[in-house]
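Visitor: My questions are about this predicted structure, shown below with the sequence.
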Amino acid sequence: MGVARTYGSFWLWVGGRVVGNTDEAEQLVHAFTPLSELARRSGDRPNARFDGMTNLQKLDLVIWARFGEDEEFDAEHWGNEDRERVRQEDLMKYEVVWRGYSPYTDGWEAILVEQDTTETLIWRRWQGKEAEVQAVSLPKGICNKVATLACQWFDPFRTQRMGSELCDQKGEIRLVTRSNDFK
């Protein structure tokens, strides 16, 4: 099982620092899927949504919207009293390192916010109950360019190793025959 899957370690360098667990070997698709989503949502993460918030508050709000408990809602810092309205916002679009998605990201969280001419990647790594928030500002569009180039590099490699996920050249759905691995 999983013989055709491409395994390896994944190194995401940001501002001279590594984000993620580089000592983990995992299916590389779990590292490239969030990058693909990062590129797809480029230009759709306005920092204006977080006016007046610190980087820590921005990161906390995005993560709370997905995983938080009602009693953890911080209306004072997040500038909105209506937690249900906040939960209905599409704040997942800001996430670029998906918490708990794979061993690459266990203990890590990261978001990207975009300004007029820059974009800021904000991340933290939990170690027990403590974490330090870090951030780097880059020229706007650089994360998209890097993510796109990485995915363009990986996709032919994945396709060669595994085959197309969706269709053959005729546009028909491909079905994989199942072997009886339990004999």
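Guide: Done, it's in.

Visitor: Please count neighbours and contacts with C-alpha atoms only from this point.
Guide: Will do.

Visitor: if I look at Ser9, how far off is Ala31?
Guide: Distance of Ser9 to Ala31, computed by Cα to Cα, to the nearest Å: 9 Å.

Visitor: let me redo that: Asp44
Guide: In terms of Cα to Cα, Asp44 sits 21 Å off from Ala31.

Visitor: Please say which of these two ends up with more neighbours.
Guide: Between Asp44 and Ala31, Ala31 has the larger neighbour count (other Cα atoms under 10 Å), namely 24 against 13.

Visitor: Which residue comes closest to Arg158 once chain neighbours are left out?
Guide: The shortest distance from Arg158 to any non-neighbouring residue, by Cα to Cα, 6 or more residues apart in numbering, is to Thr6 (6.8 Å).

Visitor: With Val19 as the reference, measure out to the one you found.
Guide: Counting by Cα to Cα - Thr6 and Val19 are separated by 21 Å.

Visitor: Counting neighbours around each, name which of the two comes out higher.
Guide: Legend: neighbour count by other Cα under 10 Å for Thr6 and Val19, higher for Val19 (21 against 15).

Visitor: how about Ala39, what does it touch?
Guide: Taking Cα atoms under 8 Å, 6 or more residues apart in numbering as the criterion, Ala39 is in contact with Cys143, Asn144, Lys145, Ala147, Thr148.

Visitor: if we go to 7 Å?
Guide: Asn144, Ala147, Thr148 (Cα atoms under 7 Å, 6 or more residues apart in numbering).

Visitor: Measure how buried the closest residue to it other than its chain neighbours is and give me the count.
Guide: Among residues not flanking Ala39 along the chain, Asn144 sits closest, at 4.7 Å (Cα to Cα, 6+ apart). By the criterion of other Cα under 10 Å, Asn144 has 19 neighbours.

Visitor: got it, and Ala65?
Guide: Count around Ala65 with other Cα under 10 Å applied: 20.

Visitor: Equivalent analysis for Asp116, please.
Guide: Residues near Asp116, counting by other Cα under 10 Å, number 11.

Visitor: can you give me phi and psi for it?
Guide: Main-chain torsions, Asp116, degrees, to the nearest 10: phi -60, psi -50.
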